[in-house]
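got a sequence here, can you build the structure:
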Amino acid sequence: MIKIIPASNKLVVAGPFGRNDHTFRGLFIFNVSTVEEARQLCNTDPAVSAGIFTLELVPWYGSAALGEYLPASKKVAKYRF
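Below you'll find the model as predicted:
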């Protein structure tokens, strides 16, 4: 579990992947300025810091409105976890 201070609003979206042809387990999308800042946030995850999961960090540019859908996501979710 990523231990991010909620008031920082750095973690925009997170979720697991289904079965795939890679060893990818999940995705985090952070609202940060640098890849290094994202790395520091990911390193707060106990599984990452213990070496259980490895990181592949890729800069990505998306809509600034991405985080705006979060309050409505539970209403439109296909699956409930």
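
which residues does L55 contact?
39, 42, 48 (CB atoms under 8 Å, 6 or more residues apart in numbering). (Each C-beta comes from the backbone N, C-alpha and C, glycine too.)

pLDDT below threshold where in this protein?
Applying pLDDT under 70 to the chain flags residues 1-8, 77, 79-81.

measure the spatially most central residue of it to L41 for me?
Nearest to the mean C-alpha position of the chain, counting by CA atoms, centre = their mean, stands F28 at 1.5 Å. Per CB to CB, to the nearest Å, F28 is found 8 Å from L41.

ok, K78 next?
Counting by CB to CB, the gap from K78 to L41 is 28 Å.

and what of A72?
A72 sits 25 Å away from L41, going by CB to CB.

between the two, which is the more surrounded one?
Taking neighbours as other CB atoms under 10 Å, A72 and L41 compare with L41 leading, 19 against 9.

verify the stated contact: the more buried one with I29.
No. L41 is beyond contact range of I29, at 11.2 Å (criterion: CB atoms under 8 Å).

all helices of this structure, in order?
35-42, 46-49, 70-76 (DSSP state H).
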